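**Student:** sharing a model prediction with you, sequence too.
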Amino acid sequence: MDASFRAFRVHQDEQGFRALVEEIGQQDLPQGEVLIKVQYSSVNYKDGLASIPEGKIVQRYPFIPGIDLAGEVIEPGNSEFRPGDQVLCTGYGLGVSHEGGYAEYARLPAEWLVRRPDGLSAKEAMAIGTAGFTTALSAELLLRSGLTPEKGPVLVTGATGGVGSMAVDILSKLGFEVTASTGKAPQEAMLRDLGAAGVISRAELAASAAKGALGREQWAAVVDPVGGPGTGELLKVIRYGGAIALSGMTGGGKFDATVYPFILRGIQLLGIDSVMCPMPLRQKLWDQLSGEWKPERVLKRAISEFSLEELPRALKVVLAGEAVGRQVVRLG
Ligand SMILES: CCC(=O)SCCNC(=O)CCNC(=O)[C@H](O)C(C)(C)COP(=O)(O)OP(=O)(O)OC[C@H]1O[C@@H](n2cnc3c(N)ncnc32)[C@H](O)[C@@H]1OP(=O)(O)O
Ligand SMILES: NC(=O)c1ccc[n+]([C@@H]2O[C@H](COP(=O)([O-])OP(=O)(O)OC[C@H]3O[C@@H](n4cnc5c(N)ncnc54)[C@H](O)[C@@H]3O)[C@@H](O)[C@H]2O)c1
């Protein structure tokens, strides 16, 4: 291992808050069994929050954000891994309470590591990252809830974002008729390329909100990484027995709801948490993402690559809600 290496770190001290690329050493990495040479990381909305003082993500400073990483095992400690094994990690404490993926090396608990499937390169794994994994978890829980293509159309909110773009790709690939909701009109053609059968503007969706406690039954299911007041409106227009997979908060943290869609239409509100998803399901979903569910169209058309030095620009874009597709960070 190199004596010193590059990392993007955030500081909060008497000089105030700052985020910068700097040279650090092994002593700056936390305890953990497995030393990894990081090849790629990615940019998620949560990483954007970690890069600003009011984000409420980082629990101590100085700190290396980055909730995703893919790399090679250098020192496996007493774990079952071997030097040279290709691994990835998303969630757990990574980039929140444990130094994350925005550095050339990371040291992690062995039980957080997923073996990177052969069908995914390190770059593809990070292009999928927490966002794509969250989409896969949303799809898995919707399928378990009884959703089939025959039940009707599926709405994806925040469709140009990381979770949303993967949802358009994967669900259309699985045979669903997908309608993509977006605030970015110029991206309509891109969304159709990813597999959307229809595109509805964010404004049109908001304007069509039901006046009372229930509206016309429209969607068999919704993949909702936006959250906020719109989620409360969508509950009113889910078809009988349908479900909404709620994963995000870009549109806000609060919504109003009544009991009626639940007790009169038997709908389900599925909470999606990628962070603490149990390892057996995690490995199964990653294996699916490398095969049958691989989001080939997003991987071909909607990936931007950044160096560590360019990372602050990518974090600003994701925080401004302007990101399209997925942003990967190249290390090493
Ligand atoms: C990749 C996954 C994602 O992108 S998920 C998006 C993650 N976003 C956030 O965590 C948003 C940042 N956090 C916040 O704005 C606030 O902490 C929220 C969640 C609104 C809670 O605020 P507030 O009610 O003021 O309470 P608090 O911050 O003191 O926390 C209360 C208890 O909740 C816990 N908590 C906090 N954040 C998380 C989280 N992300 N996951 C799980 N638990 C969380 C806190 O630890 C605290 O619990 P405790 O009292 O320490 O036991
Ligand atoms: N629950 C989980 O485990 C989990 C995992 C990953 C992401 N998330 C959450 O999902 C959300 C999306 O994450 P991402 O990485 O895909 O982010 P992203 O920035 O790539 O995508 C967000 C999308 O939402 C859109 N958007 C922004 N503000 C909006 C608003 N007010 N109304 C409607 N749409 C709006 C953006 O245009 C963008 O298309 C975030 O809130 C993130 O915290 C949760």
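**Tutor:** Okay, I see it. Ligands and ions are numbered 1, 2, ... in the order given.
**Student:** need the residues of this protein near ligand 2, please.
**Tutor:** Applying C-beta under 6 Å from any ligand atom, one finds that the chain approaches ligand 2 through 44-46, 130-131, 134, 158, 160-164, 183, 202, 225-226, 247-251, 272-275, 318, 321, 323. Quick note: C-beta positions are derived from backbone N, CA and C, even for glycine.
**Student:** now these: which count as buried?
**Tutor:** In terms of neighbour count (16 or more other C-beta atoms under 10 Å), the buried residues within the residues of the chain next to ligand 2 are 44-46, 130-131, 134, 158, 160-164, 183, 202, 225-226, 247-251, 272, 274, 318, 321, 323.
**Student:** which of those residues fall within helices?
**Tutor:** In this view, these that belong to helices under DSSP state H are Tyr45, Lys46, Thr130, Ala131, Thr134, Gly162, Val163, Gly164, Arg202, Val318.
**Student:** widest-spaced pair of those?
**Tutor:** Longest distance between any two of these is 23.0 Å, between Thr130 and Arg202; criterion C-beta to C-beta.
**Student:** for ligand 1, what are the nearby residues on the stretch 1-150 of the chain?
**Tutor:** Where proximity means C-beta under 6 Å from any ligand atom, the interface of the stretch 1-150 of the chain facing ligand 1 comprises Asn44, Tyr45, Lys46, Lys56, Ile57, Ile67, Thr130.
**Student:** contacts only, for the fifth one.
**Tutor:** Each residue near Ile57 by C-beta atoms under 8 Å, 6 or more residues apart in numbering is listed here: Lys46, Leu49, Ala50, Pro65, Gly95, Val96.
**Student:** what count of nearby residues applies to the spatially closest residue to it that is not a sequence neighbour?
**Tutor:** Here the nearest residue to Ile57 in space, its sequence neighbours aside, is Ala50; by C-beta to C-beta, 6 or more residues apart in numbering that works out to 4.2 Å. Residues near Ala50, counting by other C-beta atoms under 10 Å, number 24.
**Student:** and Ala50, how far from Thr134?
**Tutor:** Using C-beta to C-beta, to the nearest Å, one obtains 17 Å as the distance from Ala50 to Thr134.
**Student:** same question, Phe306
**Tutor:** As defined by C-beta to C-beta, Phe306 lies at a distance of 21 Å from Thr134.
**Student:** ok, the contacts of Ile57 vs ligand 2, which is closest?
**Tutor:** The shortest distance between ligand 2 and any of the contacts of Ile57, using C-beta to the nearest ligand atom, involves Lys46 and amounts to 5.1 Å.
**Student:** residues in contact with the spatially closest residue to the closest one that is not a sequence neighbour?
**Tutor:** Spatial nearest neighbour of Lys46, chain neighbours left out: Ile67 (5.5 Å); criterion: C-beta to C-beta, 6+ apart. With contacts defined as C-beta under 8 Å, 6+ apart, Ile67 is in contact with Asn44, Lys46, Asp47, Ala50, Thr90, Gly91, Leu94, Gly95, Val96, Gly100, Gly101, Thr130.
**Student:** ok, Leu191 next?
**Tutor:** Applying C-beta under 8 Å, 6+ apart to Leu191 gives the contacts Ala159, Thr160, Ser165, Val168, Ala180, Thr182, Val199.
**Student:** and the furthest pair within these?
**Tutor:** Farthest pair in these (C-beta to C-beta) is Ser165 and Val199. Separation: 12.5 Å.
**Student:** list the buried residues in the lowest-mean-pLDDT helix or strand in the chain.
**Tutor:** Of all helical and strand segments in the chain, the minimum by mean pLDDT, DSSP states H and E falls on helix 202-207, at a mean of 92. When burial is assessed from 16+ other C-beta under 10 Å, helix 202-207 yields the following buried residues: Arg202, Leu205.
**Student:** okay, that helix in CSV with CA atoms only?
**Tutor:** Output in CSV follows, covering the C-alpha atoms of helix 202-207 (Å, rounded to 0.1, in the frame of the first residue of the first chain):
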residue,chain,number,x,y,z
ARG,A,202,-44.0,16.9,-12.7
ALA,A,203,-46.4,19.9,-13.1
GLU,A,204,-49.1,17.9,-14.9
LEU,A,205,-48.9,15.1,-12.3
ALA,A,206,-49.3,17.7,-9.5
ALA,A,207,-52.1,19.4,-11.3
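**Student:** who are the packing partners of that helix?
**Tutor:** When contacts are defined as 3 or more C-beta pairs under 8 Å, 6 or more residues apart in numbering; DSSP states H and E, helix 202-207 packs onto strand 178-182, helix 229-235.
**Student:** hang on, the earlier thing: now, among the contacts of Ile67, which is nearest to ligand 1?
**Tutor:** Set against ligand 1, the nearest of the contacts of Ile67 by C-beta to the nearest ligand atom is Lys46 (3.6 Å).
**Student:** residue nearest the centroid of the chain?
**Tutor:** Central residue check for the chain by C-alpha atoms, centre = their mean: the C-alpha nearest the mean position is that of Ala131, 1.7 Å away.
**Student:** which residues does the spatially closest residue to that one that is not a sequence neighbour contact?
**Tutor:** Leaving aside its chain neighbours, Ala131 sits nearest to Gly162 (3.0 Å; criterion: C-beta to C-beta, 6+ apart). Going by C-beta under 8 Å, 6+ apart, Gly162 touches Asn44, Tyr45, Gly129, Thr130, Ala131, Gly132, Pro225, Ala323, Gly325, Arg326.
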